[in-house]
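Peer 1: structure for the following, please:
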Amino acid sequence: MSEIRFKIRDYLKAITGLLLVIWLFKGWLGLEKYNEYMVWAIIGLIVIVEVLGVGRWFGVTLSGIIFSLAKAAFLISLFLFVGKWLGIPEDFPVTSKMAFAYFVVLSIAGILVGGIETPRIRKKEDIIPKVEKKAYEFNDLDFGDVKVRGEGKAYPLKFGRKRVGWAIEGSVEVEAQTPLGSIRRKLISPVVIWTSQDIKGRKVTANENFVRTVEALLHQKSLRVREDEVALDLGILKVYDSDNYTYVKMPFLEIVDTPSGSEVKIGPLKIRDGRPRKIDEEMVTIEELRNGFRLTKIGSNLRIKTEDYDIEIENDKISYRSGSEKLTIAEDYVAISSNGISVSVGKDYAKLRIEDSIISARNGVVKIRIGGKTYTLNSREAYKKVIEKAKDIVKIEGEEVIEGLGIDRTRVRRKIKELVEELMNYLGGN
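Peer 2: So this is what the prediction gives:
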């Protein structure tokens, strides 16, 4: 029933927007005589749309209804304030100041009533969703490039009255398509999937011991959350942080921060700076509660964390990290690094470093720094040799990092030493 109500709300929301456009161009459309009727219709639709939206997070409550009326009053206040320059009748009985006063009073009332009705969040444990003692047959879920397959039971995870995910009992396998190839892993139950997507399996008998186990593990998870966590998902709270995209979502609050701009949404208010890149898809997380596997997907961004490695895919950049070893693949360069070793190569440049020795090549010029001394080679042949050697090292060592073998430091050291000797011959020739 709630889904039907929200669909009706979406239709009425679209109608309200269309009516606003018609009202804005009423003079051109010859509808001036219906001006007051349209203003009343817009106000009425705003109220209806907001009231129909009650219950997305905590179910239909008195405080929810009051807050929806407060939001409606705020929107009406904005409409009337701006509308006085666009043709709202001067003798219209409702003013923007009056509507704003209703917004303030209703907000205060909603806060007071909500203190009694709404789940209180005073410490980290309070954001842990509850596991319902009901189960449904589980088979699979499809998130585009990420697919979850298996057999077992799915238990709804709820915060208040809103379902924010599923706890899976049984066999589960996740498969993710990445530029590095297909990553497939069998997960150990219990597995949680933080998503609003529905599971349409038939109802089956619930295992109360499993419910208690999941609740205990979720509680432990909340106590282990670190402040430097770069991907966090508890259904009610979603956090994703990377070099080019930061996303935080909570009830009534959403933050998006990108190099092109940022946006903060607090209830009905939006504060935007620049033109932030927004992702319309919901953030989805699949994780084992007992082991270290966690996969987080938001749009085309993907992060996979296991006991052995981390993979992050963002736009055209891929980062693979295992212990102190890291492989980065971007559109215009590839790089590997480990303790004291780094090799990067692009279309027309390369840089190799091992301990205190550095070799760089760019624009046909090679620079060598060894033991505090710097040498420069203006040799196209030497420049090409550095590029080729860097590509060779990155190709071999990158493949072995992905295969879990790690960087062969002895081999890299030998190749760089050979390269230095060859370059010194060029230097001696000059």
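
Peer 1: count of neighbours near the nearest residue to residue 301 once chain neighbours are set aside?
Peer 2: By the measure of C-beta to C-beta, 6 or more residues apart in numbering, the closest residue to residue 301 outside its immediate chain neighbours is residue 314, 5.0 Å from it. Just so you know, the C-beta spots here come from the backbone N, C-alpha and C atoms, and that holds for glycine as well. Using other C-beta atoms under 10 Å, residue 314 has 18 neighbouring residues.

Peer 1: mind listing what's buried in stretch 206-219?
Peer 2: Buried residues in stretch 206-219, counted by 16 or more other C-beta atoms under 10 Å: 206, 210-211, 213-215, 217-218.

Peer 1: got the CA coordinates for the helix or strand residue 14 falls within in CSV?
Peer 2: Using DSSP states H and E, residue 14 falls within helix 2-24. The C-alpha trace of helix 2-24 is given here as CSV (Å, rounded to 0.1, in the frame of the first residue of the first chain):
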residue,chain,number,x,y,z
SER,A,2,2.8,2.4,0.8
GLU,A,3,4.4,1.9,-2.6
ILE,A,4,1.1,2.8,-4.3
ARG,A,5,0.9,5.9,-2.1
PHE,A,6,4.4,7.0,-3.0
LYS,A,7,3.7,6.5,-6.7
ILE,A,8,0.6,8.7,-6.5
ARG,A,9,2.8,11.2,-4.7
ASP,A,10,5.3,11.2,-7.6
TYR,A,11,2.5,11.7,-10.1
LEU,A,12,1.1,14.6,-8.1
LYS,A,13,4.6,16.1,-7.7
ALA,A,14,5.0,16.1,-11.5
ILE,A,15,1.5,17.7,-11.9
THR,A,16,2.5,20.4,-9.4
GLY,A,17,5.6,21.2,-11.4
LEU,A,18,3.6,21.4,-14.6
LEU,A,19,1.0,23.6,-13.0
LEU,A,20,3.8,25.9,-11.7
VAL,A,21,5.1,26.3,-15.3
ILE,A,22,1.6,27.0,-16.6
TRP,A,23,1.0,29.6,-13.9
LEU,A,24,4.4,31.2,-14.7
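
Peer 1: what lies in contact with the next helix or strand after that helix?
Peer 2: Moving toward the C-terminus from helix 2-24, the next helix or strand (DSSP H and E) is helix 26-29. Applying C-beta atoms under 8 Å, 6 or more residues apart in numbering, the external contacts of helix 26-29 come out as 22, 32, 34-35, 38, 87.

Peer 1: where does the stretch 51-200 of the chain dip in pLDDT?
Peer 2: Scanning the stretch 51-200 of the chain with the threshold set as pLDDT under 70 gives 55-64, 111-127, 180.

Peer 1: is it true that residue 147 touches residue 183?
Peer 2: No - using C-beta atoms under 8 Å, residue 147 is not in contact with residue 183, being 11.3 Å away.

Peer 1: who touches both of these two?
Peer 2: Joint contacts of residue 147 and residue 183 (C-beta under 8 Å, 6+ apart) are 175-176.

Peer 1: got the contact list for residue 307?
Peer 2: Residue 307 neighbours (C-beta under 8 Å, 6+ apart): 291-293.

Peer 1: same check, this time on residue 290
Peer 2: 188, 190, 217.

Peer 1: just give me the least confident of the contacts of residue 307.
Peer 2: Of all those, residue 292 carries the smallest pLDDT score, 77.

Peer 1: I figured that one was touching residue 306, is that so?
Peer 2: Yes - counting by C-beta under 8 Å, residue 306 is a contact partner of residue 292 at 5.7 Å.

Peer 1: quick one: low-confidence ranges for the stretch 201-350 of the chain?
Peer 2: Using pLDDT under 70, the stretch 201-350 of the chain drops low at 221-231, 234, 236, 243-244, 251-252, 266-270.

Peer 1: one more time with 50
Peer 2: Counting by pLDDT under 50, the stretch 201-350 of the chain contains low-confidence residues at 223, 225-228.

Peer 1: quick one, helices of it?
Peer 2: 208-224 (DSSP state H, counting those that start in this stretch).

Peer 1: domain ranges for this protein?
Peer 2: Domain assignment of the chain by automatic domain parsing yields the ranges 2-118, 127-288, 316-429.

Peer 1: nearest to residue 297, out of these?
Peer 2: domain 127-288 (4.9 Å; C-beta to C-beta).

Peer 1: chain center to the closest one, what's the gap?
Peer 2: Domain 127-288 sits 10 Å away from the centroid of its parent chain (C-alpha atoms, centre = their mean, to the nearest Å).
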